[in-house]
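>>> any chance you could fold what I've pasted below:
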Amino acid sequence: IEGRWKAVRASLDLPPLPDTINPSAAIPPPSPPLRTGKLPSRFDLRRKRAEADLQSKSRLHLAVDVRDAPRISVQALAASFRRSCSY
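Here you go, the predicted model:
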């Protein structure tokens, strides 16, 4: 408009504006946030996902036959290892 805003407003049949404005009346105060709690940031969400992944990976997933009671004694198992290592 290059400083011709008064002429442009008049040509558009708009009401004239005052030459000066009161800044405190022109700019409304910021409205309070609608939510009272803090919104999580993308970093919070990424950290929570990483913690959940770590917890799910740290759990042992054992087959059913592994969870059963051993069918041989620990001594017999140790003897078996000793025999296989002596070759």
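
>>> alpha carbons of the longest helix that the chain contains, as CSV, please.
Scanning the chain for the helix with the most residues, using DSSP state H, yields helix 42-58. Output of helix 42-58 as CSV, limited to C-alpha atoms (Å, rounded to 0.1, in the frame of the first residue of the first chain):
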residue,chain,number,x,y,z
ARG,A,42,8.4,-35.4,21.4
PHE,A,43,11.5,-36.1,23.5
ASP,A,44,9.4,-37.3,26.4
LEU,A,45,7.4,-39.6,24.0
ARG,A,46,10.6,-40.9,22.5
ARG,A,47,12.1,-41.6,25.9
LYS,A,48,9.0,-43.4,27.1
ARG,A,49,9.0,-45.6,23.9
ALA,A,50,12.7,-46.4,24.4
GLU,A,51,12.1,-47.4,28.0
ALA,A,52,9.2,-49.6,27.0
ASP,A,53,11.3,-51.3,24.3
LEU,A,54,14.1,-51.9,26.8
GLN,A,55,11.7,-53.4,29.3
SER,A,56,10.2,-55.7,26.7
LYS,A,57,13.6,-56.8,25.5
SER,A,58,14.9,-57.4,29.0
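
>>> low pLDDT regions in the protein?
Counting by pLDDT under 70, the chain contains low-confidence ranges at 1-3, 21, 23-26, 32-37, 58-61, 67, 69-70, 86-87.

>>> pick out the residue closest to the middle of it.
Centroid-nearest residue in the chain: L45, 1.7 Å away (criterion: CA atoms, centre = their mean).

>>> and that one, what does it touch?
Not one residue lies near L45 by CB atoms under 8 Å, 6 or more residues apart in numbering. From N, CA and C alone the C-beta is placed, and that goes for glycine too.

>>> any idea how far D13 is from A7?
Distance of A7 to D13, given as CB to CB, to the nearest Å: 12 Å.
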